[in-house]
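> Quick one, structure for this:
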Amino acid sequence: MHICRCAIALGLLAASLAQGAAVYKWIDADGVVHYSDQPEPGSEKIYTDTAPIGFVADKSSSGTSQPAAKNPAGANYQRFDIASPAASQGFYAEPVPVRLELVPGLRAEHSLAWSLNGKALDDQANSTQFVLDELPRGTYVLTATITDASTNQTAFVQSVTFYMQQPSKLFPQHKNP
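Numbering: from 1, shown residues only. All right, here's what the predicted structure looks like:
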C-alpha cells in the first residue's frame, strides 16, 4: 500500500514537471527588466519549454506570449547551461564562482541577463563568468536569460539553486560540516 502511494506521488510530480514552467517578466520604475517564478503586479506571464536550449517565448506587442517558431533564425545554441555553481552546491563564507557554458558564444544580436533570487544582476549583463562576493547565509536561485533583440524571443536556462553558509557567532571555530 505504501509503495503504491509513493508511485502515485512520483507520477504526479513527473507529470507536473513535464508541462513546463511559467516565468513572469516585468519592468520596474528604473526601466530594469526582471524575471521571476513569482508574479508581480503588472508582470507578463511567459511559458517556458521543459528543454533548456532554444527560444521559448515570443513577446508580441499585445503583451501575450506565443510559442516560438520551430527554427527561429540563429536561436539554437549547442550548450546553454550554468556550469558553476552546481545544483545544490554549498559554499562556506567564500566567493561563489559563476560560469555559463554557452556554445557557440553569445551572438551580437542576443543579450544575456542574470538574476539572483528573482532580482536582476545588472552589473553582470552579457558576462559569461563572474564572482558573487559576500553573500549572506541562505538559499539562492540563479537564472540566466538570453533575449534576441531582432525577434524579441527569450530563452531561459535551467535555474540553479545553491546554498551559502556562514560561521556561527556561537561557534566561530566550526567550519563547513
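
> which parts of stretch 131-146 are buried?
Within stretch 131-146, the residues that count as buried by 16 or more other C-beta atoms under 10 Å are 132, 135, 140, 142-146. Using the backbone N, CA and C atoms, a C-beta is placed for each residue, glycine as well.

> So what would you say the end-to-end distance of that stretch is?
Stretch 131-146 has an end-to-end distance of 19 Å (C-alpha to C-alpha, to the nearest Å).

> Report the mean per-residue pLDDT for the longest strand seen in the chain.
As assigned by DSSP state E, the longest strand anywhere in the chain is strand 138-148. Mean per-residue pLDDT for strand 138-148: 92.

> Can you tell me which helices and strands that strand packs against?
Contacts defined by 3 or more C-beta pairs under 8 Å, 6 or more residues apart in numbering; DSSP states H and E place strand 138-148 against strand 79-84, strand 96-103, strand 110-116, strand 153-156, strand 160-165.

> hmm, 7 Å instead?
strand 110-116, strand 153-156, strand 160-165 (3 or more C-beta pairs under 7 Å, 6 or more residues apart in numbering; DSSP states H and E).

> Pick the most deeply packed of those.
Highest mean neighbour count among the helices and strands packed on strand 138-148 (mean count of other C-beta atoms under 10 Å): strand 153-156, with a mean of 24.

> Spit out the contact partners of the closest residue to Pro167 other than its chain neighbours.
Counting by C-beta to C-beta, 6 or more residues apart in numbering, Ala93 is the residue found nearest to Pro167 once chain neighbours are left out, at 6.0 Å. Shown in contact with Ala93 (C-beta atoms under 7 Å, 6 or more residues apart in numbering): 165-167.

> Now render these as CSV, adding pLDDT and distance to Lys25.
Formatted as CSV, the contacts of Ala93 follow (pLDDT from 0 to 100; distance: C-beta to C-beta, whole Å):
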residue, pLDDT, distance to Lys25
Gln165, 89, 32
Gln166, 80, 32
Pro167, 77, 38
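
> Quick check: of the residues you listed, which lies closest to Lys119?
Closest approach to Lys119 among these (C-beta to C-beta): Gln166, at 20.2 Å.
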